[in-house]
Structures are given as C-alpha cells and as structure tokens.
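**Q** Give me the fold of what follows.
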Amino acid sequence: MAGYEQYIPPGLRGPLKDLFGMARVTGEGGAGILRAVQQDPLAVNQAIGESMIGGIRSMATDPVGTVRGVVSDTAGTVQRALTNTAVDYLPEGVTLATATPDQIEAANDARYADLASTAAMAVPGAKALRTGAKAAASSLGGRSLGNQAASAYMIGQKLENVEGYKGATGKPSKVKMPSGESYDARPVSQIEEAAKSYMKSQNMDVSGFSEYPAFSEQRARLIAAAYDMMEHNPTGPAVKRAYDAMIEETMGQYRALKDAGVEFKFLKEGMDDPYAASPAMGYQDIVENGKLWVFPTDFGFGTNTSFDAAENPLLKSVGKVGDKSDAVANDAFRAVHDAFGHFGSGNPFFRRQGEERAFLEHSRMYSPDAIGAMTSETRGQNSWLNSGPFGMSNRTANTSDTVFADQKSGLMPSWTSEPAGMPGPDETLSLLRYIEKQKWQK
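**A** Reported below is the predicted structural model:
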C-alpha cells in the first residue's frame, strides 16, 4: 500500500474514498484524515464503527488506535475523539476473543454514542450534524444511541426545524418561540457531554432517558402535600448534610459547564429580562450563542414576605459564578439546573411536565447524600406550585400572579426522589386527608 493508506482500517477506506477521495486523503496523510474529520466527523466515525462491527475479530491491531496514531501529532482534540474503542464497552470479563457478535455490536453502539458527541465537541469548525445524522440513520436503521447523539445541536448552530425529527418519547419534539416559529427541541452536544464527563468522574451511571415516564398528576399532588407538611429545619444535622452535599456537587457541575465553554451572565439592575417573552428563549441563546442569562437570587428568591428564608443553606456565598462575583449557591444552582435539566437535554419547557422532566434529568447527577435536598428544591417546590393548594390557578398565571412555595429547607420522604416513587397505602391516605382538610384547589 502506498503512503498513509496502510494506516487506514479496511472498513474506513471505502467510506473515505466515497466521501472525500482516497487520493487526497492518502496523499496528504494525517492532515488529510484530519480535514476529513473536520468536514464530517460523524460520517468518519460511523465508518470506523462499521469496520469494528464487521471485522473486529480479524484485525490484528486496534483500528481506532491506528487512526489515532496517524493524527496524534496533528490534532490532540481529534485524538481524544478517537481514543475509546469497543473494548472499553464490553461487559466485565469479556475480551475480543470471547465476545459474541451481539456483544461486540452492543459495545460499539454504546461507544458510538460517546464518540459522536465527543467528535462534535472536539471539532468546533465542523459542519452542521445533519449529514452525520443521516449517515448514522442509514447504516444503523435509526436504532442506535449514536444516532441520537448525532441529532444534537452544537453550540454556535442556529435552531432549525427539520421535518421528521423526533426526540425522546414523552417529550415534545418541537419548541415554539414567541415569534411563532417552531424549532427542533434537540439536546445540546456540549452540555450533554459535560454532564456525561461529570457523572463519569463521580462513578455515576451515565445512561439517559430514551423514554420519559408519563406525567402523574396524582404523584405530583402527593409530593406537593409532602412538601407542604415538610418541616423547615435548615440547621438539622441530616438537612445540613444533604444541602452541603448538594452545594458541593452543584459547584462541580458548574465547573464542568464552564470547562465546556458555556457562559453564564446574571441580570443587572435596570436591565430588561431578555427572556421575558418566554423562558425558552434561553434555549435559543445557549444553542446559538453559548450563553445563558440567569435571574440572580438577590432579585427574588421565590417566596412571600411572610416566610423568613434567611437561614436557607443555598444562600451560602460561593464566590464567582459566571459574571457574578458575589454569587450564592442558589445562583449556581439556577444556572446549572437550567443547563442540565432543561436546555442541555432538549427540554426547553417550564410548565409542570417540563419541570418534572428537568428534575428527572438533573437528579441523575446528584449522589444519594445530596438527592434529598435537590428534590426539595425542584420537584417538591414545583409540585407545590403546579399541583398544590394554588395549582389550578398557578398553571396559567404569569410570574407576578403566581403563588410560589415557601423556600423551606428540609427533607421529604425518600420516595419523592424516585422517578416513579409513590408512598405506601397508609401514607397515601394520610396525605390525601391532609389535602382535603386544607381545601386545596381541584
């Protein structure tokens, strides 16, 4: 073989020839491969994936490793995008020599999901991902997790509306803007990758939702009652431990977003809210511009004047967050929750179903030590707002007319943190009696 062709895996040569011309690729060596990846990273990675599924048993050397060796001196980012192989995703104790074809294919599907989104982040100058998505869909029948990753937006792209796009089951595939235009509600590659990176660093399961549980009004109403009955006990040892863990983990998540290039700005005195017409406009801002405006805690803490929230642990100073030098933990949490719960997962929706999905997405990123506090601050308060004593009127109210939950600091029963959690029969009866006694809106 001539030139660099000997370093290109057999399964990659044909697709590269079809896409970019083998003469140019081999003639320019590593630079040619780099340019091919820059032009269409997902198609190149898909070709690598095909070669691994079809011929991994017969290859004497690691196909991804050979490509990595060619490009390592040319572009470190591309090297990192091509580092993982299917071996890394095989079940524990299984080797290439003992793996079944089904195990190899499943491992490659999982690897491709990581590789596709990593490549999208690693090559900022890449074209829009439509071509890569089509390549993935045509060769994998649209069934692969890699195809879902290929459907994400990259920061710097324009929101778009492509006929036929369908997101995860249980979530709208389109988001409507105040202009009347509808756009695909897709995940954001850099934010999804930041979430995955953070979770891996904490030894967490990075599996996402391919289908969201159906929204349960009964569950939401019972959680609202549990929040209403919850003791405000910010100095209690268990509460303090949970909130301390939540704050520490939130700051770690913030750093992951910062490293991914997401910029947070906080509203200033006298400034109009750029998302006043719709919170979903923040989704457009983060996709197209890589930034998000955040409502600072000192402008409003979502509680009425009759409740003293001064001892809330989330009012702890945490230093600089975004462009706010005197931020408190709640500032960081607002930014992080919008990014990971709403926008990063392609969930730019803020009514009760959207808030529930945001809880489901973001709660995956908290440890058992922190999840109780995080649940009180999100699912508890949102259930109270949308399904509690003023739920019916709050659902259609504007911000000024909304009755917000008190910013209590406490822990609800553990079932409230479980995605499909429900209380036992005795507790259910107690909560229903409480709701009836309080005469909540129906």
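**Q** Give the buried residues for stretch 326-340.
**A** For stretch 326-340, the buried set under the neighbour-count rule, 16 or more other Cβ atoms under 10 Å, comprises 327-340. Quick note: C-beta positions are derived from backbone N, CA and C, even for glycine.
**Q** Which residues does it contact?
**A** If you take Cβ atoms under 8 Å, 6 or more residues apart in numbering as the criterion, stretch 326-340 is touched by 191, 195, 246-247, 250-251, 253-254, 257, 262, 264, 266, 282, 286, 292, 294-297, 301, 312-322, 324, 358, 361-362, 365, 377-378.
**Q** what does stretch 155-167 give?
**A** 124, 128-130, 151, 153, 173-174, 181-190, 261-262, 283-284, 286-290, 346.
**Q** among those residues, which ones are buried?
**A** Here, 16+ other Cβ under 10 Å leaves 129, 151, 153, 183-190, 262, 283-284, 286-287, 290, 346 buried among the contacts of stretch 155-167.
**Q** those strands in the stretch 301-442 of the chain, which residues are they?
**A** Applying DSSP state E, counting those that start in this stretch to the stretch 301-442 of the chain gives strands spanning 317-321, 324-328.
**Q** Tell me the secondary structure at residue 293.
**A** What DSSP: H, G, I helix; E, B strand; the rest coil gives for residue 293 is strand.
**Q** Quick one: the helices in the stretch 251-400 of the chain, in order.
**A** Using DSSP state H, counting those that start in this stretch, the helices of the stretch 251-400 of the chain run over residues 281-289, 329-337, 352-363, 371-375, 381-387, 391-394.
**Q** just to revisit the earlier point, report the two of the buried residues of stretch 326-340 separated the most.
**A** 328 and 340 (18.9 Å; Cβ to Cβ).
**Q** Sitting in strands, which of the contacts of stretch 155-167 do you find?
**A** 174, 182, 183, 184 (DSSP state E).
**Q** and residue 225, which of the strands of the stretch 301-442 of the chain is closest to it?
**A** Nearest of these (Cβ to Cβ): strand 324-328, 29.1 Å.
**Q** which neighbours does the closest one have in its sheet, and in what orientation?
**A** strand 317-321 (antiparallel) (DSSP bridges).
**Q** quick one, the partner strand and helix 329-337 angle?
**A** Angle, strand 317-321 to helix 329-337, by axes from the mean of the first three to the mean of the last three Cα atoms, to 10 degrees: 50 degrees.
**Q** In strand 317-321, which residues are buried?
**A** 318, 321.
**Q** May I have that strand exported as CSV, CA atoms only?
**A** Extracted C-alpha coordinates of strand 317-321, given in CSV (Å, rounded to 0.1, in the frame of the first residue of the first chain):
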residue,chain,number,x,y,z
SER,A,317,-21.6,32.5,49.4
VAL,A,318,-19.7,30.5,46.7
GLY,A,319,-17.6,33.2,45.1
LYS,A,320,-17.8,33.9,41.4
VAL,A,321,-20.3,32.2,39.1
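**Q** Just give the nearest non-adjacent residue to residue 309, would you?
**A** residue 407 (4.0 Å; Cβ to Cβ, 6 or more residues apart in numbering).
**Q** residues contacting the residue lying closest to residue 417 once chain neighbours are set aside?
**A** For residue 417, ignoring the flanking residues on the chain, the nearest one in space by Cβ to Cβ, 6+ apart is residue 375 at 4.4 Å. Taking Cβ under 8 Å, 6+ apart as the criterion, residue 375 is in contact with 359, 363, 412, 416, 417.
**Q** got those residues as TSV, with neighbour count columns?
**A** Listed next are these as TSV, based on neighbours: other Cβ atoms under 10 Å:
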residue	neighbour count
359	23
363	19
412	19
416	23
417	22
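**Q** Tabulate these in CSV, adding columns for pLDDT.
**A** CSV is the format used below for the contacts of residue 375 (pLDDT from 0 to 100):
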residue, pLDDT
359, 98
363, 97
412, 98
416, 98
417, 97
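**Q** so which of the residues you listed comes closest to residue 93?
**A** Nearest member of these to residue 93, counting by Cβ to Cβ, is residue 363, at 31.2 Å.
**Q** My guess is that closest one contacts residue 372. True?
**A** No. Proximity of residue 363 to residue 372 does not meet the contact threshold set by Cβ atoms under 8 Å, at 10.5 Å.
**Q** what do those two both touch?
**A** Shared contacts of residue 363 and residue 372, counting by Cβ under 8 Å, 6+ apart, come down to residue 417.
**Q** average pLDDT for stretch 235-251?
**A** Average pLDDT, stretch 235-251: 98.
**Q** beta partners of the nearest residue to residue 274 once chain neighbours are set aside?
**A** Excluding its sequence neighbours, the residue lying closest to residue 274 (Cβ to Cβ, 6+ apart) is residue 293, at 5.4 Å. Taking DSSP bridges as the rule, residue 293 bridges to residue 265.
**Q** how near is residue 293 to residue 256?
**A** 20 Å (Cβ to Cβ, to the nearest Å).
**Q** what's the closest of the contacts of residue 375 to residue 92?
**A** Nearest member of those to residue 92, counting by Cβ to Cβ, is residue 363, at 26.7 Å.
**Q** what sits against the closest one?
**A** So residue 363 contacts 371, 374, 375, 378, 379, 417, 419 (Cβ under 8 Å, 6+ apart).
**Q** Quick check, pLDDT for the second one.
**A** Yep, that's residue 374 we're talking about. 98.
**Q** start to end distance for stretch 421-428?
**A** Length of stretch 421-428, first residue to last, Cα to Cα, to the nearest Å: 12 Å.
**Q** meant to ask about stretch 416-434
**A** Termini of stretch 416-434 sit 17 Å apart (Cα to Cα).
**Q** Stretch 294-309 now?
**A** 20 Å.
**Q** what's the answer for stretch 400-415, then?
**A** Start-to-end, stretch 400-415 (Cα to Cα) is 32 Å.
**Q** Quick check: buried residues in that stretch?
**A** 404, 405, 406, 407, 408, 409, 410, 411, 412, 413, 415.
**Q** With adjacent residues omitted, what lies nearest to the third one?
**A** Among residues not flanking residue 406 along the chain, residue 307 sits closest, at 4.2 Å (Cβ to Cβ, 6+ apart).
**Q** likewise the last one?
**A** Using Cβ to Cβ, 6+ apart and skipping the chain neighbours, the partner closest in space to residue 415 is residue 421 (3.7 Å).
**Q** Check that neighbour and give its pLDDT.
**A** 95.
**Q** who's in contact with it?
**A** Applying Cβ under 8 Å, 6+ apart, the residues near residue 421 are 219, 414, 415.
**Q** now do residue 311
**A** Contacts of residue 311 by Cβ under 8 Å, 6+ apart are 234, 235, 409.
**Q** Right, I'll call it a day here.
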